[in-house]
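Undergrad: Sequence first, then the predicted structure, then my questions.
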Amino acid sequence: MATKASFTAEEWQRLLESPMLAAMAVTAADPSGLFGLLKEGFAASRALAEAKADAVSNELVRSVVADLETSEGRDSVRDGLKAARAGGRAAEVKPRAIDGLRHVSALLEAKSPADAAAFKTWLATLAERVAAASKEGGFLGFGGVQVSDAEKATLAEISAALSRTA
């Protein structure tokens, strides 16, 4: 089992950013207004809290979540994501997030193959929960679909980036 000590500071930073990248990719695929954004953010937060509380959760996942609970961890992720999108346009958020997940996938395979499948499954599940958190395409909560076609396509891209079958 890999621990934080198994990774360089830069590699650990990538792992810390990965849940946010998964959530951002889905949210950017089909923005659903302020309330949808809030629901999707809460879904990501719930997924993090549940991973921490789950006794059978992967140790590497729990380590990442524990680091994200610290102010240093949150600041590090905020600063890292801010720097990554510096000078970028809103349309570049999703492709950059998918690319970041592709790098995380390769990092996990290289440094911690025993943890890779569980960690990638956790990221994909987090993305699915974010996608299902808010209806898309409706008006004032009526109509629309739970997961839009754009979000479904993004989930497939995330799965491919994580080297998982869609």
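TA: Right, received. Where do you want to start? Numbers count the residues shown, from 1 in each chain.
Undergrad: and stretch 13-27, average pLDDT?
TA: If you average the pLDDT over stretch 13-27, you get 95.
Undergrad: meant to ask about stretch 149-165
TA: 90.
Undergrad: quick one: buried residues of it?
TA: Going by neighbour count (16 or more other C-beta atoms under 10 Å), the buried part of stretch 149-165 is 150, 151, 152, 154, 155, 157, 158, 159, 161, 162. Bear in mind the C-beta positions are built from the backbone N, C-alpha and C, glycine included.
Undergrad: Stretch 77-96 too?
TA: Going by neighbour count (16+ other C-beta under 10 Å), the buried part of stretch 77-96 is 77, 80, 81, 84, 93, 94, 96.
Undergrad: Next: stretch 67-80.
TA: By neighbour count on 16+ other C-beta under 10 Å, the buried set for stretch 67-80 is 67, 68, 73, 76, 77, 80.
Undergrad: can I get the buried residues of stretch 149-165 in TSV with secondary structure?
TA: As requested, the buried residues of stretch 149-165 are exported to TSV (DSSP: H, G, I helix; E, B strand; the rest coil):
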residue	secondary structure
150	helix
151	helix
152	helix
154	helix
155	helix
157	helix
158	helix
159	helix
161	helix
162	coil
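Undergrad: so which one among the buried residues of stretch 77-96 has the lowest pLDDT?
TA: Lowest pLDDT within these is found at residue 84 (70).
Undergrad: if you skip the residues just before and after it, what's nearest to that residue?
TA: The spatial neighbour of residue 84 that comes closest, neighbours along the chain excluded (C-beta to C-beta, 6 or more residues apart in numbering), is residue 96 at 6.4 Å.
Undergrad: if we can go back for a sec, could the buried residues of stretch 77-96 go into CSV alongside distance to residue 125 and secondary structure?
TA: Formatted as CSV, the buried residues of stretch 77-96 follow (distance: C-beta to C-beta, whole Å; DSSP: H, G, I helix; E, B strand; the rest coil):
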residue, distance to residue 125, secondary structure
77, 19, helix
80, 23, helix
81, 21, helix
84, 23, helix
93, 21, helix
94, 19, helix
96, 21, helix
